[in-house]
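Pasted the sequence and its predicted model underneath.
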Amino acid sequence: MNLAYSLSGLLVGLLVGITGVGGGSLMTPLLVFLFGFKPSVAVGTDLMFAAITKTGGVWVHHTKHSSVDWKVVRWLAAGSLPFAIATLLVLKHLMEIGKEITGAITFTLGIALLLTATSLLVRSIMMRRAKQLKEAAGIEDKIADDEPQDEDLQAIGRFKRMQIPATILTGAVLGILVTLSSVGAGALGTVALLFLYPKMKTVKIVGTDLAHAIPLTAVAGTGHWALGNVDVVLLGSLLVGSIPGIWVGSHLSAKIPERFLRPVLATVLLLIGVKFVFAS
């Protein structure tokens, strides 16, 4: 175990707990810039890290809050998992023929960070609008014990008859983006669901996005492991630091105004994203 890696995991865990921002958008740039890991190793290790840490969150959302819409998870996964596997096969082919994949991963990481920074700024606006739509439709965010968990996707969706194809397409985009950058399963997934399902309960948006992120990061992370892009010592050290960090951060979130931290974090991610794009 490396103490510096664990301290970094603790710091990222604190920020994740306070702001709710996905760990990939914070962890991957940190591993590249601070510790000098290759982007491919940073991405692969962070994907395995995400698959492990998000599992506990889904257990809480599903068993305690019953706040996972499994229909939406299945349709998202129908797009994301095949495209994640296809992306991994392309990376494997490029490595076999001697093509350098660092540039492609770095560029994609930069784009993903720019999108994440934008999503941080627009998410609160979209959540307010979604709340207004739900209030107009008489939908409560609180989930009753006897409430059916599988709602009609057309009733809560934006695109009606095209709702399922739109969900699959969104999953496909997330599958490619997350596999190449390890960024997007959290912040971008939440914003995508807010756009696709403006009448879905907020607690279900969070739980559903989290539930979809697990198989996606697990498949992508396992693929990167097979490609040799996962550092086991780094992974263990990050887990040791980040798990208590997320716990402490989640308790501090009520005391630290998120409206101040979120714009600052978005600005930092924006600058890092620009650097990655032009570095590629």
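That came in fine, so what should we check first?

which residue sits closest to Q163, ignoring its sequence neighbours?
Nearest residue to Q163 in three dimensions, chain neighbours excluded: G157, at 3.7 Å (C-beta to C-beta, 6 or more residues apart in numbering). Glycine gets a C-beta too; all of them are placed from N, C-alpha and C.

ok, the one you found touching T170?
No. Between G157 and T170 there is no contact under C-beta atoms under 8 Å: 11.3 Å.

hey, what's in contact with both of the two?
Counting by C-beta atoms under 8 Å, 6 or more residues apart in numbering, the common neighbours of G157 and T170 are L196.

T167 sits in which helix or strand?
For T167, the host element (DSSP states H and E) is helix 163-181.

mind listing the helices in the stretch 51-200 of the chain by residue range?
Assigned by DSSP state H, counting those that start in this stretch, the stretch 51-200 of the chain shows helices spanning 70-96, 102-137, 153-156, 163-181, 187-196.

okay, now the nearest residue to Y5 once chain neighbours are set aside: neighbour count?
Spatially, and ignoring its direct neighbours in sequence, Y5 is nearest to S237 (3.6 Å; C-beta to C-beta, 6+ apart). Number of residues near S237 (other C-beta atoms under 10 Å) recorded here: 20.

Equivalent analysis for the one 3 residues further on, please.
Residue neighbour count, defined by other C-beta under 10 Å, stands at 18 for V240.

what sits against it?
With contact taken as C-beta under 8 Å, 6+ apart, V240 is in contact with M1, S6, G9.

Dump the one helix or strand it maps to to CSV, keeping only the CA atoms.
Under the criterion of DSSP H and E, V240 resides in helix 232-252. Below are the C-alpha coordinates for helix 232-252, written out as CSV (Å, rounded to 0.1, in the frame of the first residue of the first chain):
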residue,chain,number,x,y,z
VAL,A,232,-3.4,-3.5,-8.4
VAL,A,233,-1.3,-1.7,-5.7
LEU,A,234,-2.7,1.6,-6.8
LEU,A,235,-6.2,0.3,-6.7
GLY,A,236,-5.9,-1.1,-3.2
SER,A,237,-4.3,2.1,-1.9
LEU,A,238,-7.1,4.3,-3.4
LEU,A,239,-9.8,2.1,-1.9
VAL,A,240,-8.2,2.3,1.6
GLY,A,241,-8.3,6.1,1.5
SER,A,242,-11.4,6.9,-0.5
ILE,A,243,-14.0,4.8,1.4
PRO,A,244,-13.6,6.7,4.7
GLY,A,245,-13.3,9.9,2.7
ILE,A,246,-16.7,9.4,1.0
TRP,A,247,-18.2,8.6,4.4
VAL,A,248,-16.8,11.7,6.0
GLY,A,249,-17.6,13.9,3.0
SER,A,250,-21.2,12.8,2.9
HIS,A,251,-21.6,13.9,6.5
LEU,A,252,-19.9,17.2,5.8
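
how far is that helix from where the chain is centred?
Put simply, helix 232-252 sits 16 Å off its chain's centre (C-alpha atoms, centre = their mean, to the nearest Å).
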